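J.: the sequence and its predicted three-dimensional model are supplied below.
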Amino acid sequence: MIISVKICFISSFLHILKKYNWLNFIRLFCVKHIKPQNLITLNTRNIEMINLGQKFPEFSKQATVSTAPGKEFKTVTSNDHVSKKRWMVMFWYPKDFTFVCPTEIIDFNDKFKEFDSRNCDVIGASTDTEFSHLGWMTSHPGLKELQFPLLADTSKSLGEDLGILEDGEKIAYRATFIVDPNGIVKWICANDLSVGRNVDEVVRVLDALQSGKLTPCGWKKGEKTLN
């Protein structure tokens, strides 16, 4: 009954507006007096990339950590490295079963001990599922013995919070984050989908950040700093 009354009222109101040509009046008024910046938008989510000095977003995600039966998956959280007072490098790649991505993952794995000796956790991440990660690790010779987790951001919530998803398929750009033991973002590097990153540069920047010194262009660990 209430719904019927509402429908009748709305129909009558629209009929009156049409009869007296008020629709044109309202349309002209809106165009002339209402500015675009005053309109209410339904999409209020911030899609800009996270900035240096900001807190890395909180997360709790499934990750693939092994190809051994019964040991394949574990939950990885934003508090893991903070609770251990360790640094974190999180690198994102677009998709499993692709061409550029395994070259990067294998290089991070080859240099895993360099990160570990610097008190730094390494996490690979994409928007694929943990089962896709497992299938890829199982089938690719270079990925069978990874020493770090591949995080599954299947909801894409973390990628959205970081602002690193491309507009089309909503897959991740090749973004790399260095986060300090307090959970603060200290370095960001993002490549387009087709461009592989330089893992040696990630190690070099980590050394520079951990030194706490003024480091000149191209500085490497053991070289003289500016202070």
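T.: Yep, it's here.
J.: please make it C-alpha for all contacts and neighbour counts, starting now.
T.: OK.
J.: any figure for the gap between the residue lying closest to Ala190 once chain neighbours are set aside and Arg86?
T.: Leaving out its chain neighbours, the residue that sits closest to Ala190 by Cα to Cα, 6 or more residues apart in numbering is Ala175, at 4.0 Å. As judged by Cα to Cα, to the nearest Å, Ala175 and Arg86 stand 20 Å apart.
J.: those two: who's more crowded?
T.: Ala175 (23 against 18; other Cα atoms under 10 Å).
J.: next, the more buried one: secondary structure please.
T.: Put simply, Ala175 is strand when judged by DSSP: H, G, I helix; E, B strand; the rest coil.
J.: could you do Gly135 as well?
T.: helix.
J.: spatially central residue in the protein, please.
T.: Most central in the chain under Cα atoms, centre = their mean is Gly159, positioned 2.9 Å from the mean C-alpha point.
J.: was I right to think that one contacts Ala172?
T.: Yes: counting by Cα atoms under 8 Å, Gly159 does reach Ala172; the two are 6.8 Å apart.
J.: which parts of the chain are helices?
T.: 2-19, 22-33, 80-83, 100-110, 112-116, 130-139, 157-162, 199-211 (DSSP state H).
J.: how near is the residue nearest to the centre of the chain to Cys217?
T.: 31 Å.
J.: before we move on, what about Val185?
T.: 21 Å.
J.: the more surrounded of those two?
T.: Taking neighbours as other Cα under 10 Å, Val185 and Cys217 compare with Val185 leading, 21 against 6.
J.: list the buried ones in stretch 182-192?
T.: For stretch 182-192, burial by neighbour count (16 or more other Cα atoms under 10 Å) applies to 183-188, 190.
J.: hmm, which two among the residues you listed are most spread apart?
T.: Greatest spatial distance in the buried residues of stretch 182-192: Gly183 and Ala190, 19.2 Å, computed using Cα to Cα.
J.: please name the residues that touch the spatially closest residue to Thr154 that is not a sequence neighbour.
T.: Excluding its sequence neighbours, the residue lying closest to Thr154 (Cα to Cα, 6+ apart) is Thr127, at 5.0 Å. Residues near Thr127 by Cα atoms under 8 Å, 6 or more residues apart in numbering: 94-95, 152-156, 159, 171-172.
J.: what does the model give Gln37 for pLDDT?
T.: Predicted confidence (pLDDT) for Gln37: 49.
J.: could you do Gly183 as well?
T.: 98.
J.: and stretch 146-155, end to end?
T.: 24 Å.
J.: equivalent analysis for stretch 167-179, please.
T.: Start-to-end, stretch 167-179 (Cα to Cα) is 26 Å.
J.: can you check stretch 146-165 too?
T.: OK, stretch 146-165 end separation, Cα to Cα: 25 Å.
J.: ok, residues contacting it?
T.: With Cα under 8 Å, 6+ apart as the criterion, stretch 146-165 contacts 46-50, 57, 59, 61-66, 76, 109, 112, 121-130, 133, 170-173, 175.
J.: just the buried residues of those.
T.: Counted by 16+ other Cα under 10 Å, the contacts of stretch 146-165 give 50, 61-66, 76, 109, 112, 121-130, 133, 171-173, 175 as buried.
J.: so where's this protein uncertain?
T.: Where the chain drops to pLDDT under 70, the residues are 1-47.
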